[in-house]
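K.L.:
okay, sequence plus prediction incoming.
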Amino acid sequence: MCSSDLDTGLGSRCELEGLHHHAGRLLLPCKNARLPDYQDRLVVFYYDLADGSTGEVISIGRGTVPGLKKLRLTAIDQVGDEIYLVSANRLLLINLKTQHTRTFKLPKKYHEQIEAIAVMPDGSIFLAEDNSKGLARLTRYSGLDELEEKF
């Protein structure tokens, strides 16, 4: 263990994948639930860098997110009150205040294994992936209007 390793205590709840910093907190999406309380739930945890506390940023039932078949969160970004998440071949946009969700289909022929997302100030979206064929790819979309809204 490195002297700078952080034990968030979240690893026993979920396999975490993805990382984003926002307002002094690390945001950590749950890729695979390890406890029954998190089964079939879309969960994003936080780790507060100032005091080491943890908690849930959002926890909503998978059934309340239209078009979401697989729940395997792999990438996260936050802009204001909106969280952008990637799960399989879906881009999820969730408003933290209202918990309103929008789902966008990501073309499977272009995206096999998305590992990171970055939303730019102009609204463009970058997706990075490392797929099973060993190919790394960085894709830019001009914005959400370039993606097909699934529901």
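P.N.:
Perfect, I can see it now.

K.L.:
and the worst-scoring helix or strand of the chain on mean pLDDT, what does it pack onto?
P.N.:
Least confident helix or strand of the chain, by mean pLDDT, DSSP states H and E, is strand 148-149 with a mean of 74. Here strand 148-149 touches strand 101-105, going by 3 or more Cβ pairs under 8 Å, 6 or more residues apart in numbering; DSSP states H and E. C-betas here are computed from N, CA, C, even on glycine.

K.L.:
neighbouring contacts of the strand it packs on?
P.N.:
Contact with strand 101-105 is made by 60, 64-68, 89-95, 144, 147-151, as judged by Cβ atoms under 8 Å, 6 or more residues apart in numbering.

K.L.:
equivalent analysis for stretch 46-60, please.
P.N.:
Under Cβ under 8 Å, 6+ apart, the answer for stretch 46-60 is 6, 8-10, 24-28, 38, 41-45, 83, 94, 96, 99, 101.

K.L.:
just the CA atoms of that stretch, as PDB, please.
P.N.:
Taking C-alpha atoms only, stretch 46-60 is exported to PDB below (Å, rounded to 0.1, in the frame of the first residue of the first chain):
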ATOM      1  CA  TYR A  46     -18.600  10.500  -3.600                       C
ATOM      2  CA  TYR A  47     -15.400  10.600  -1.600                       C
ATOM      3  CA  ASP A  48     -14.900  14.000   0.000                       C
ATOM      4  CA  LEU A  49     -11.200  15.000  -0.300                       C
ATOM      5  CA  ALA A  50     -11.400  17.400   2.700                       C
ATOM      6  CA  ASP A  51     -12.800  15.100   5.400                       C
ATOM      7  CA  GLY A  52     -12.700  11.600   3.900                       C
ATOM      8  CA  SER A  53     -16.400  11.100   4.100                       C
ATOM      9  CA  THR A  54     -18.300   9.100   1.600                       C
ATOM     10  CA  GLY A  55     -21.900   8.900   0.500                       C
ATOM     11  CA  GLU A  56     -24.200   8.600  -2.500                       C
ATOM     12  CA  VAL A  57     -24.500  11.400  -5.100                       C
ATOM     13  CA  ILE A  58     -27.300   9.500  -6.800                       C
ATOM     14  CA  SER A  59     -29.000   6.100  -6.400                       C
ATOM     15  CA  ILE A  60     -31.900   5.400  -8.700                       C
END
